[in-house]
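Undergrad: Prediction below, plus the sequence it came from.
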Amino acid sequence: MTEPPTQPTTEPTTDQPVLVLNAGSSSLKYQLVVPESGHVLASGTVERIGEGGGDGGGGPADHAEALQQMQQRLRDDGVDLQAVGLRAVGHRVVHGGPDFSDPVLVDDEVLSRVRDLVPLAPLHNPGAITGIEAAQEAYDVPQVAVFDTAFFSDLPAAAATYALPRDLAREHRLRRYGFHGTSHRYVAGATADLLGRPLADLDQVVLHLGNGCSASAVHGGRAVDTSMGLTPLEGLVMGTRSGDVDPGLHAFLHREAGLSLDEVDELLNKRSGLQGIAGVNDFREVVRRKDAGDDDARLAFDVFVHRLKHYVGAYLAQLGRLDVLVFTAGIGQNSPPVRAAVVEGLGGLGLSVDPERNEARKNEARVISPDGSPVTVAVVPTNEELAIARQAAEVLSRG
Ligand code: AMP
């Protein structure tokens, strides 16, 4: 039985950190960060959870053991969570389903509702649940759940609805949920700061290009469309995920290649995307091979960019106008060739990059389009951990 979350007995001072936990299916990323200043006291990743475990040296057996390893690492680094005055633990929860549109203080009811959502996110939500339970055991501070789907929870119905029978969609909660929402929201806000303009005035297209990739159209700070759907498989080409395919592909592969539906699911999630075309999912390696003359890597790059252009064009049409196109995450922040290729030929739509600005290696928010461009092109580093810590602090301040 879970104890109700404990409220802090004294008002937190602004240098008390939040521990942010981002539990994937086989990894646990953590960061101890002060929400107001962004000061990071510690961070790291425990990997290979559930892959061997125990004495076999294959990583921790489960998320509870991963949390113990994290605590040991913090101790080794000289970080004492009591002494630093831990304020809260903020958890990234991938799927918030139709219910959660805001971060919430975790209690038994919240946990049970997150559990109900496991069928919608079988790879992601179980890790978050065990992470929350382990953290509840370990830390006598409030636990806050921050949902990856929240930013997209009020997508316009036309953008959120699949053209499926209404009854079936209702019964199985079928809709386009969208993911990476914490990043899209944070980056949209940070872009307004960069441009020195009110978020409410901006029409933005945000491209989150990491291992997972997604695009969003943001009107006045509100998401009006996004590329991921019921699951994080829809949309852009990703490291190992196909993104959009003909929905008829599943039946075809079943009939013609004898694959079960689970095998198709695994194929499209784990063995497709850049990996499927180029044989490698790390974008740096794709670019290295492409530049060395590898035809498959060249094709993977071209398909990746083609799909990106497809979404940029679609969102420009949905928004009706565009102030800024924003690149973020590992590929978006670090790959000048992708950024150049996405806007290539779009000068007629007001989009271009300044080659020198685009090539500059800087880890800060910056404009890469020429001065006076009709549409600004920007690179804005994402910071999901800080965004989660800030949202956790906000929930606490609401009491
Ligand atoms: P993320 O999920 O945001 O950590 O992004 C991971 C992706 O970013 C991987 O595909 C990396 O290959 C890619 N990435 C990281 N650094 C670079 C870089 N310097 N150039 C191109 N891609 C990069």
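TA: Thanks, I have it. Residues are numbered from 1 along each chain as shown.
Undergrad: Let me know the helix or strand that the closest residue to the ligand within the chain is in.
TA: Going by Cβ to the nearest ligand atom, the ligand is nearest to residue 330 of the chain, at 2.0 Å. For glycine as for every other residue, the C-beta is placed from the backbone atoms N, C-alpha and C. Assigned by DSSP states H and E, residue 330 belongs to helix 329-334.
Undergrad: Ok, residue 223 next?
TA: Judged by DSSP H and E, residue 223 forms part of strand 222-226.
Undergrad: I'd like to know which elements that strand is packed against.
TA: Using 3 or more Cβ pairs under 8 Å, 6 or more residues apart in numbering; DSSP states H and E, the elements in contact with strand 222-226 are helix 157-160, helix 181-195, strand 213-219, helix 295-319.
Undergrad: Point out the most buried one among those.
TA: strand 213-219 (a mean of 26; mean count of other Cβ atoms under 10 Å).
Undergrad: Tell me the residues on the stretch 251-399 of the chain that lie near the ligand, please.
TA: Within reach of the ligand by Cβ under 6 Å from any ligand atom, the stretch 251-399 of the chain has these residues: 282-284, 329-331, 334-335.
Undergrad: Reformat those as CSV; add neighbour count, distance to residue 293 and pLDDT.
TA: Compiled in CSV, those are given as follows (neighbours: other Cβ atoms under 10 Å; distance: Cβ to Cβ, whole Å; pLDDT from 0 to 100):
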residue, neighbour count, distance to residue 293, pLDDT
282, 15, 18, 95
283, 24, 18, 96
284, 12, 17, 96
329, 23, 28, 96
330, 18, 24, 96
331, 26, 21, 97
334, 17, 22, 97
335, 20, 19, 97
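Undergrad: Show me which of the residues you listed is closest to residue 260.
TA: Set against residue 260, the nearest of those by Cβ to Cβ is residue 282 (29.1 Å).
Undergrad: Could I get the phi/psi values of that closest one?
TA: phi -80, psi 120 (degrees, to the nearest 10).
Undergrad: Specify the angle between the helix or strand that the helix holding residue 330 is followed by and helix 295-319 in degrees.
TA: For helix 329-334, the following helix or strand on the C-terminal side (DSSP H and E) is helix 336-343. Interaxial angle, helix 336-343 versus helix 295-319 (axes from the mean of the first three to the mean of the last three Cα atoms, to 10 degrees): 50 degrees.
Undergrad: Give me the helices and strands touching helix 336-343, please.
TA: Applying 3+ Cβ pairs under 8 Å, 6+ apart, one finds that helix 336-343 makes contact with helix 295-319, strand 324-328, helix 329-334, helix 355-359, strand 376-379.
Undergrad: how about these in a markdown table, adding distance to residue 394?
TA: Formatted as a markdown table, those follow (distance: least, Cβ to Cβ, whole Å):
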| stretch | distance to residue 394 |
| --- | --- |
| helix 295-319 | 28 |
| strand 324-328 | 22 |
| helix 329-334 | 23 |
| helix 355-359 | 34 |
| strand 376-379 | 26 |
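Undergrad: Of all these, which one is nearest residue 82?
TA: helix 329-334 (34.4 Å).
Undergrad: How far does the closest one sit from its chain's centre?
TA: Its chain's C-alpha centre and that of helix 329-334 lie 13 Å apart, by Cα atoms, centre = their mean, to the nearest Å.
Undergrad: And stretch 161-175, by the same measure?
TA: Mean-position distance between stretch 161-175 and its chain equals 24 Å (Cα atoms, centre = their mean).
Undergrad: Quick check: buried residues in that stretch?
TA: For stretch 161-175, the neighbour count (16 or more other Cβ atoms under 10 Å) marks 174-175 as buried.
Undergrad: Only C-alpha atoms, please: export that stretch in CSV.
TA: Taking C-alpha atoms only, stretch 161-175 is exported to CSV below (Å, rounded to 0.1, in the frame of the first residue of the first chain):
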residue,chain,number,x,y,z
THR,A,161,-9.1,12.2,-34.5
TYR,A,162,-8.4,9.1,-36.6
ALA,A,163,-11.0,8.5,-39.3
LEU,A,164,-12.3,5.3,-37.6
PRO,A,165,-15.7,4.3,-36.3
ARG,A,166,-16.6,6.5,-33.4
ASP,A,167,-17.7,3.7,-31.1
LEU,A,168,-14.5,1.7,-31.6
ALA,A,169,-12.4,4.8,-31.1
ARG,A,170,-14.3,5.7,-27.8
GLU,A,171,-14.1,2.1,-26.5
HIS,A,172,-10.4,1.8,-27.0
ARG,A,173,-9.4,5.4,-26.4
LEU,A,174,-8.1,5.7,-30.0
ARG,A,175,-6.8,9.2,-30.8
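Undergrad: Contacts for it, please.
TA: 97-98, 120, 160, 176, 229-230 (Cβ atoms under 8 Å, 6 or more residues apart in numbering).
Undergrad: Summarise which helices and strands the helix or strand hosting residue 274 is packed against.
TA: Using DSSP H and E, residue 274 maps to helix 273-278. The contact analysis (3+ Cβ pairs under 8 Å, 6+ apart) places helix 273-278 against helix 283-291, helix 295-319.
Undergrad: give me every residue that touches the residue nearest the centre of the chain.
TA: Centroid-nearest residue in the chain, with Cα atoms, centre = their mean: residue 180, separated by 2.8 Å. By Cβ under 8 Å, 6+ apart, the contact set of residue 180 is 148, 208, 212, 214, 228, 232.
Undergrad: Pipe these into TSV and attach pLDDT and distance to residue 251 per row.
TA: Shown next, in TSV, are these (pLDDT from 0 to 100; distance: Cβ to Cβ, whole Å):
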residue	pLDDT	distance to residue 251
148	95	30
208	98	31
212	93	26
214	98	26
228	97	22
232	92	22
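Undergrad: List of residues touching the strand or helix carrying residue 70?
TA: Element membership of residue 70, judged by DSSP H and E, is helix 63-76. In this structure, residues lying in contact with helix 63-76 by Cβ under 8 Å, 6+ apart are 21, 23, 28, 30, 32, 42, 44, 46, 49, 53, 59-60, 81, 127, 130-131, 133-135, 137-138.
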